[in-house]
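K.L.:
Below is the sequence, then the predicted model.
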Amino acid sequence: MADFISLKDAVKKHLKSGDMAAFEGFTHLIPHAAAHEVIRQGIDELTIVRMTPDLIYDQLVGMGLVKKMIFSYAGNPGVGLLRRVRDSIEHGWPRSIEIEEHSHAALANAYEAGAAGLPCAIFRGYLGTDLQLVNPNIKRVSCPFTGEELAAVPSIQPDVAFIHALKADRKGNVLIEGILGVQKEVVLAAKHSIVTVEEVVDVLDTHMNACILPHWTVSAICEVRGGAHPSYAQGYYGRDNKTYIDWDTIAADRDKFQAWMDENVLKQGPEVFAGRIKGLEVTS
């Protein structure tokens, strides 16, 4: 049964130094507020997992909280590089991180295997590619029934999964509409899950099959209006493209990056997210 608590208390209760944490959302409903709370609490030595790392992983890495990143494609969507991640890998600032790169298909299958309690995921993939030359966790196995050569990767079972969603009812059932990504899979794979939502309602007012996560799968629900900004939340607000564009200049310079983080993350709290979505509201 999900606890309805503040984001600050949820992070403090469930995430600790050295944990594996996954912050998922695929262009839509990226849990920025949750990542910022982790940064404010200074929880370090993290292994972070994400399909398509973007700004929040640039920020986590740039603040020195990450020891390893497991990912598939890393970049500022529509803009270019993750400059803090690149600085860490190439120059060790503020620290060097270990990286483990996969395809989208591999990570999706790894989460599903984790949710099923399996040690690895087996799927068709990586044939004709060289990624396995730099990632020793990509293996080849033969199907015992057909002899077909398949790819295998370790399953992923994060200590804590963070997602943002549209609504939760007062029982803790979670609704997401629009692009889903792998939010359901990562929550089911994780030991604990923290779900930030735009609002808590009495009734979800939708068909029961549209409930992505029933209450018994969720550890904590935190109401954080605007918690996905600058990504978008369908029916609530649009994508703040300017923030993504501006980030490239901010992140390119270490001093500018640190000043931005001090002013916009370390000195702020989840309540500021609602103020950031003015002018981005959408009706569908």
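P.N.:
Perfect, thanks for sending it. Only a predicted model underlies this, so the values are computations on that prediction, with no experimental measurement involved.
K.L.:
What distance do you get for the nearest residue in space to residue 104 that is not next to it in sequence to residue 220?
P.N.:
Leaving aside its sequence neighbours, residue 104 sits nearest to residue 72 (C-beta to C-beta, 6 or more residues apart in numbering; 4.7 Å). To be clear about C-beta, it is placed using only N, CA and C from the backbone, and glycine gets the same treatment. As for residue 72, its distance to residue 220 is 27 Å (criterion: C-beta to C-beta, to the nearest Å).
K.L.:
More neighbours: which of those two?
P.N.:
residue 220 (23 against 20; other C-beta atoms under 10 Å).
K.L.:
What about the closest residue in space to that one that isn't next to it in sequence, how many residues nearby?
P.N.:
Spatial nearest neighbour of residue 220, excluding adjacent residues (C-beta to C-beta, 6+ apart): residue 10 at 3.9 Å. By other C-beta under 10 Å, 26 other residues sit near residue 10.
K.L.:
The residue nearest to residue 104 pairs with what?
P.N.:
For residue 72, the beta-bridge partners are residue 51 (DSSP bridges).
K.L.:
looking at it, it is touching residue 109, isn't it?
P.N.:
No: using C-beta atoms under 8 Å, residue 72 is not in contact with residue 109, being 11.0 Å away.
K.L.:
Low-confidence stretches in the stretch 101-250 of the chain?
P.N.:
Regions of the stretch 101-250 of the chain meeting the criterion pLDDT under 70 are absent.
K.L.:
Break down it into its helices, ranges please.
P.N.:
Assigned by DSSP state H, counting those that start in this stretch, the stretch 101-250 of the chain shows helices spanning 104-115, 183-189, 241-252.
K.L.:
of all these, which lies closest to residue 152?
P.N.:
When the helices of the stretch 101-250 of the chain are compared by C-beta to C-beta, helix 104-115 sits nearest residue 152, at 9.5 Å.
K.L.:
With adjacent residues omitted, what lies nearest to residue 77?
P.N.:
In this structure, residue 77 finds its nearest non-sequential neighbour in residue 54, 5.8 Å apart by C-beta to C-beta, 6+ apart.
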